[in-house]
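Visitor: okay, here's the prediction I keep looking at, along with the sequence it came from:
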Amino acid sequence: MGTTTFVYSKAVGFTGIAFFAGFMSVFFVLGFIANDSKLWMFVSFIEVSILISLAFFVRRCLVPALKNQPALTLDDEKLTFPVTGSVIYWKDVIEISFDKSRYTKYLSFDLLGDRKNIGLGLTWVRGDNKAIYETVQEYFEQSLKEDGQLGYAKDDVV
């Protein structure tokens, strides 16, 4: 089937930047309004913490989005998810499902062996979540066909 790549979402990256900027602004205004040195020390600590988090966010999520780096890569052998550093081999997968939690939609993989279940959040992946799930299912089905597990002989696979 070749390789299919989904890149990081720029929209999520820019939304995160706006969130951090708004959060920092609120604390800056609170510190400016209160004319107390102890409060300024507290606000400064919060601002530095936010800046450290922002730097981590930019390096980990926004820069890869701006460089159009892959957030999810599918090939005939495996799925690679650089967002969390996960690599899942099709031969180890029992079942794939599309699940939702309160904050995100994710792919859930039931696996053989010690790691029974892995969930990969799709927040950072650009594209329609259902279409991504269907593409992952196609790769998984193709791997089962190649292994002769769906009633096909290995020689029958196109």
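Guide: Thanks, I have it.

Visitor: neighbours of the residue lying closest to Phe42 once chain neighbours are set aside, how many?
Guide: With sequence-adjacent residues excluded and distances taken as Cβ to Cβ, 6 or more residues apart in numbering, Phe42 is closest to Gly31, at 8.0 Å. Every residue, glycine included, has its C-beta placed from N, CA and C. Neighbourhood size, Gly31 [other Cβ atoms under 10 Å]: 18.

Visitor: pretty sure Gly31 sits against Ser37.
Guide: No: assessed by Cβ atoms under 8 Å, Gly31 is found out of contact with Ser37, at 10.4 Å.

Visitor: coming back round to it: now do the residue nearest to Phe42 against Gly22, distance only.
Guide: Distance, Gly31 to Gly22, by Cβ to Cβ, to the nearest Å: 15 Å.

Visitor: quick revisit: immediately after the helix or strand hosting the residue nearest to Phe42, which helix or strand?
Guide: If you go by DSSP states H and E, Gly31 is part of helix 10-33. Sequence-wise, the next helix or strand downstream of helix 10-33 (DSSP H and E) is helix 37-57.

Visitor: mind listing what's buried in that following helix?
Guide: Neighbour-count burial for helix 37-57 flags 43, 46-47, 50, 54, 57 (criterion: 16 or more other Cβ atoms under 10 Å).

Visitor: now these in TSV, with pLDDT?
Guide: Below are these laid out as TSV (pLDDT from 0 to 100):
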residue	pLDDT
Val43	81
Ile46	85
Glu47	85
Ile50	89
Leu54	90
Phe57	88
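
Visitor: can you give me the end-to-end distance of stretch 3-11?
Guide: 24 Å (Cα to Cα, to the nearest Å).

Visitor: what does stretch 57-75 give?
Guide: Taking Cα to Cα as the measure, stretch 57-75 stretches 28 Å from start to finish.

Visitor: domain map for this structure?
Guide: 9-66, 70-156 (automatic domain parsing).

Visitor: quick one: distance of the longest one to the chain centre.
Guide: Going back to what we said before, that points to domain 70-156. How far domain 70-156 lies from its chain's middle: 13 Å, per Cα atoms, centre = their mean, to the nearest Å.
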